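> need a 3D model of the sequence below.
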Amino acid sequence: MEANVKQVKRSCVVGAVLVIQALALLTAAGGAWARSGSGGQSGAAQRAQERRGVDPGKREFESNCAACHGKSGQGDGSVVELLKRSPPDLTPLSRKNGGVFPLDRVCQTTEGGTVTAHGSREMPIWGRDYRIQGAEHDMDVPYDPEAYVRTRLLWPVEYLSRLQVR
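You can find the predicted model right below:
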């Protein structure tokens, strides 16, 4: 059991590094593309065009987390009144952890595997849901379910790290 937890932690950290590197490459490529095709746009117009780029972390967070946690992550989502327990404010996680975003803990909580802090299980077990989605999507094609789940989990976790209050 403890070896399994260590493997999940290691996978989460390795996956985080891969996602961050991929996002850095996409951001750099997207910014260069927007600048090259700007056609004499002003600086403000260029920045507006760059902001319209794809942000998979924000997309996942808004699709899967914002209904409960709110778009700002402060626990003020549209379905709060329907829940037994109010969702926590996710924005001070870094501050409560000595100024360091608790990547491991957030990954484990989001994945829903062995973390008991997840409480009553009102929050979906996203690891299981993503495994099912991956299997349905890639039914006839070989794929690595752990890599798929890790990537899908790390997108909103990385976005959440950007929502942290200082």
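
> for the chain, give me the ranges with low pLDDT.
Screening the chain residue by residue with the criterion pLDDT under 70, one finds the ranges 1-52, 113-122.

> what ranges does it have for its strands?
With strands called from DSSP state E, the chain shows none.

> helices of that one, start to end?
For the chain, the helices identified by DSSP state H occupy 2-36, 43-51, 56-64, 66-69, 93-96, 103-111, 126-137, 145-162, in order along the chain.

> counting contacts, what elements does the fourth one pack onto?
If I follow you right, that is helix 66-69. Here helix 66-69 is seen to pack against no other helix or strand when contacts are counted using 3 or more C-beta pairs under 8 Å, 6 or more residues apart in numbering; DSSP states H and E. Backbone N, C-alpha and C define where each C-beta goes, glycine included.

> and the gap between residue 111 and residue 63?
Distance check for residue 111 against residue 63: by C-beta to C-beta, to the nearest Å, it reads 17 Å.

> so between those two, which is more surrounded?
A count of neighbours by other C-beta atoms under 10 Å puts residue 111 above the other of residue 111 and residue 63, at 24 against 10.

> pretty sure that one contacts residue 154?
No - the pair residue 111 / residue 154 is not scored as a contact, 10.1 Å apart, by C-beta atoms under 8 Å.

> thanks a lot, see you next time.
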